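1. model this:
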Amino acid sequence: MGIELVENKDTKEPATNARIGKIIGDCKTNGLIVGRNGDTVAGFNNVLTLCPPLSCTDEDFDFIVSVLKKVFKENE
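-> So this is what the prediction gives:
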């Protein structure tokens, strides 16, 4: 799964490397490991990648969503 991050919702300008790095770091600090895509057009590696296990429980899913919501809110 992936979540594309942009700086501006209207122009769809890709999120900066610094912003993506901060979000990934903040997720890790909160116990959630996420990555970013790397095999795209240069300057467009702005997609957070999520790879939950197939055995993901409702509690695991709730944890993933709650951490992402918290980190996104902190990085608005």
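2. Give the helix, strand or coil label for Lys22.
-> helix (DSSP: H, G, I helix; E, B strand; the rest coil).
3. Look at it and say how many residues are nearby.
-> Using other CB atoms under 10 Å, Lys22 has 15 neighbouring residues. C-betas here are computed from N, CA, C, even on glycine.
4. Identify the residue nearest it in space, chain neighbours excluded?
-> Asn75 (6.1 Å; CB to CB, 6 or more residues apart in numbering).
5. got a list of what that neighbour touches?
-> 19, 22-23, 26 (CB atoms under 8 Å, 6 or more residues apart in numbering).
6. so where's this structure uncertain?
-> Applying pLDDT under 70 to the chain flags the ranges 39-43.
7. just the helices in it please.
-> In the chain, the segments counted as helices under DSSP state H are 17-29, 58-74.
8. how much space is there between Leu50 and Glu13?
-> 22 Å (CB to CB, to the nearest Å).
9. Look at these two and report which has more neighbours.
-> Leu50 (15 against 11).
10. What distance do you get for the residue nearest to the more buried one when sequence neighbours are not counted to Ala18?
-> If the residues on either side of it in the chain are set aside, Leu50 comes closest to Met1, at 4.5 Å by CB to CB, 6+ apart. Relative to Ala18, Met1 is positioned 23 Å away (CB to CB).
11. same deal with Ser55?
-> Ser55 is 35 Å from Ala18, by CB to CB.
12. do the same with Glu59
-> 32 Å.
13. swap in Leu5?
-> Taken as CB to CB, the span from Leu5 to Ala18 is 12 Å.
14. Which one of the two is surrounded by more residues?
-> Taking neighbours as other CB under 10 Å, Leu5 and Ala18 compare with Leu5 leading, 17 against 8.
15. I'd like the distance between the nearest residue to that one once chain neighbours are set aside and Met1.
-> Using CB to CB, 6+ apart and skipping residues adjacent in sequence, the residue nearest Leu5 is Ala15, 3.8 Å away. Using CB to CB, Ala15 is found at 17 Å from Met1.
16. picking up where we left off before, state the number of residues packed around the residue nearest to Leu5.
-> Ala15: 22 surrounding residues under other CB under 10 Å.
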